[in-house]
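**Student:** I would like the atomic coordinates for the input below:
(one chain, ligands or ions: 2)
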Amino acid sequence: MAVTIGTSERSDGSALDTLYDELAASNFVPVWKYAPKLAGREPGPKYRPYLWQWKTLEPFLMRARDLVDSASGGERRAINQTHPELQSTYSATHTLATAVQLVRAGEIAPAHRHTASAIRFILQGGGQEVFTAVEGERFRMEDNDLILTPHWTWHHHVNPSARDIIWLDGLDFPIVNFLRNSFFEDYPGAEAPTTRAQDHTAHRVGIVRPSWDRLERKDVIRYPWADTWATLNSLRDEPGSPYDGVAVEYANPHDSGPTLPTMGCGVQLLRGSEQTRAHRATSSTVYVVLSGEGRTVVDGEQLDWSEKDIFVVPPWSWHEHENETKGDAVLFSITDKPLLDILGLYREEPLSEGHQDVTSIFRPGSS
Ligand SMILES: [Fe+2]
Ligand SMILES: [Fe+2]
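**Tutor:** Numbering: from 1, shown residues only. Ligands and ions are numbered 1, 2, ... in the order given. Below you'll find the model as predicted:
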């Protein structure tokens with residue numbers, strides 16, 4: 001009768017130890033010994049949630065504003081959020097990187113391109129004259145707009161206004177670097193040429209489009225906040241998601257799929273005093289607080305947040321949100337779910353008890 005491999009070790013130990021030593025010396029690994037490490041029963045290695053407070057970040061950004069210009073290496077005056085448990089990847093989650101970038105009044109952040117894809121969410125925008133140029137088209141940058149920079153597209157940022165502009169960058173470079181597929185190129189000159197008319201893409205993403213000129217997935221898309229907010233606000237009397245409140249996703253008009261193949265974006269409205277139920281998913285998410293005050297409990301750890309704070313929910317972590325005010329709280333988020341969907345890996349489940357016990361309070365700055 002056949003027996004199951006690895007249920008017991010047959011020798012007295014010393015011969016087996018010798019085998020293990022000699023395998024290791026020749027760069028082999030006995031799978032029967034290390035199988036749980038090679039194929040974990042649950043997603044891992046785990047890491048904790050984390051939160052970066054705006055009140056800590058903003059003074060650093062203002063110091064960089066005064067100390068850094070393009071001559072001192074500041075092609076991009078951006079401060080990256082690095083999770084202390086993920087320092088080797090300079091990232092907020094294991095797949096997503098975020099940074100807060102400032103372009104001073106009168107400045108140009110010069111053109112370049114890279115294989116990492118990016119999204120920009122505008123925290124402090126400018127008027128008509130402020131723009132980001134992507135692949136030859138100019139896109140206005142107004143408060144809370146979302147602008148995509150698909151991979152390997154030339155992009156630069158121009159701020160001729162009298163006020164600084166600030167936005168959140170979201171990038172997939174942890175994925176690109178994991179795949180060892182990073183390329184980066186500077187444009188020969190500060191600004192890449194404008195090759196498309198104003199609103200070229202805007203006239204191709206609606207429900208009426210030119211019949212002879214089809215949108216491509218790589219075409220850049222700007223999601224004006226006025227449209228996003230109108231949709232979100234119109235849904236406020238609907239029940240919403242039990243886990244996310246009134247939550248909307250940004251769809252790519254090319255195929256109604258996610259904003260980018262590696263990153264999805266969303267906004268959620270938590271109505272006054274709304275508390276969601278806990279669930280968990282295999283995706284990781286970075287949140288930015290657009291307005292309001294509240295808390296998110298992640299695996300029993302309470303993260304208290306207020307406007308412009310940035311926080312992270314790691315994969316397979318129970319999480320629930322609560323708006324602790326009577327007014328609205330609004331969260332913007334970036335998730336790696338699209339990549340997991342492509343791979344067929346995405347999974348989520350609700351917490352049957354509905355809510356978690358709070359076992360610790362996150363202290364900003366703690367690792
Ligand atoms: Fe860039
Ligand atoms: Fe969630």
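
**Student:** For residue 4, give me the pLDDT.
**Tutor:** You'll see residue 4 listed with a pLDDT of 71.

**Student:** neighbours of it, just the number please.
**Tutor:** 6 (other Cβ atoms under 10 Å). No exception for glycine: its C-beta is placed from N, CA and C like everyone else's.

**Student:** What of residue 190?
**Tutor:** 13.

**Student:** mind listing what's buried in the helix ranked longest in the chain?
**Tutor:** Across the chain, the longest stretch assigned as helix under DSSP state H is helix 54-67. Within helix 54-67, the residues that count as buried by 16 or more other Cβ atoms under 10 Å are 54, 57, 61, 64, 65.

**Student:** export those residues to a markdown table and tack on distance to residue 207 and pLDDT?
**Tutor:** Converted to a markdown table, these look like this (distance: Cβ to Cβ, whole Å; pLDDT from 0 to 100):
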| residue | distance to residue 207 | pLDDT |
| --- | --- | --- |
| 54 | 37 | 98 |
| 57 | 39 | 98 |
| 61 | 39 | 97 |
| 64 | 43 | 95 |
| 65 | 42 | 95 |
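
**Student:** With respect to residue 247, which of the residues you listed is nearest?
**Tutor:** Nearest to residue 247 among the buried residues of helix 54-67: residue 54, at 22.3 Å, using Cβ to Cβ.

**Student:** For the closest one, give me its contacts.
**Tutor:** 306, 307, 308, 309, 310 (Cβ atoms under 8 Å, 6 or more residues apart in numbering).

**Student:** can you rerun that using 10 Å?
**Tutor:** Applying Cβ atoms under 10 Å, 6 or more residues apart in numbering to residue 54 gives the contacts 61, 100, 123, 288, 289, 305, 306, 307, 308, 309, 310.

**Student:** Mind picking the two most distant members of those residues?
**Tutor:** Using Cβ to Cβ, the contacts of residue 54 reach their maximum pairwise distance at 61 and 305, which is 18.3 Å.

**Student:** neighbours around the closest residue in space to residue 117 that isn't next to it in sequence, how many?
**Tutor:** Setting aside the residues directly before and after it, residue 117 is nearest to residue 151 in space (Cβ to Cβ, 6 or more residues apart in numbering), at 4.3 Å. Residues near residue 151, counting by other Cβ under 10 Å, number 19.

**Student:** I figured residue 151 hits residue 260, correct?
**Tutor:** Yes. Residue 151 lies in contact with residue 260 (Cβ atoms under 10 Å); the separation is 8.1 Å.

**Student:** Which neighbours do the two have in common?
**Tutor:** Counting by Cβ under 10 Å, 6+ apart, the shared contacts of residue 151 and residue 260 are 117, 118, 172, 218.

**Student:** What's the PyMOL line that selects buried ones from those?
**Tutor:** Buried residues among the shared contacts of residue 151 and residue 260 (16+ other Cβ under 10 Å), as a PyMOL selection:
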select buried, resi 117+118+172
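
**Student:** which one of the shared contacts of residue 151 and residue 260 is nearest residue 109?
**Tutor:** Of all the shared contacts of residue 151 and residue 260, residue 109 sits closest to residue 118, with 12.4 Å by Cβ to Cβ.

**Student:** in the sheet, who's paired with the closest one?
**Tutor:** Beta-bridge pairing for residue 118 (DSSP bridges): residue 149, residue 171.

**Student:** go on, residue 302?
**Tutor:** Residue 302 forms beta bridges with residue 297, residue 361, as assigned by DSSP bridges.

**Student:** Check the one 10 residues further on too.
**Tutor:** Taking DSSP bridges, one finds residue 50, residue 286 as the beta-bridge partners of residue 312.

**Student:** Lowest average confidence across helices and strands of the chain, where is it?
**Tutor:** Within the chain, judged by mean pLDDT, DSSP states H and E, the helix or strand with the poorest mean is helix 31-38; its value is a mean of 87.

**Student:** That one packs against which elements?
**Tutor:** Using 3 or more Cβ pairs under 10 Å, 6 or more residues apart in numbering; DSSP states H and E as the contact test, the elements touching helix 31-38 are helix 14-25.

**Student:** How about the secondary structure of residue 175?
**Tutor:** helix (DSSP: H, G, I helix; E, B strand; the rest coil).

**Student:** My guess is it contacts residue 96. True?
**Tutor:** Yes. If you go by Cβ under 10 Å, residue 175 and residue 96 touch, sitting 8.4 Å apart.

**Student:** any shared contact partners between those two?
**Tutor:** Residues touching both residue 175 and residue 96 by Cβ under 10 Å, 6+ apart: 262, 263, 336.

**Student:** In JSON lines: these, plus distance to residue 112, neighbour count and secondary structure.
**Tutor:** Putting these into JSON lines (distance: Cβ to Cβ, whole Å; neighbours: other Cβ atoms under 10 Å; DSSP: H, G, I helix; E, B strand; the rest coil) gives the following:
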{"residue": "262", "distance to residue 112": "19", "neighbour count": "24", "secondary structure": "coil"}
{"residue": "263", "distance to residue 112": "19", "neighbour count": "24", "secondary structure": "coil"}
{"residue": "336", "distance to residue 112": "24", "neighbour count": "24", "secondary structure": "coil"}
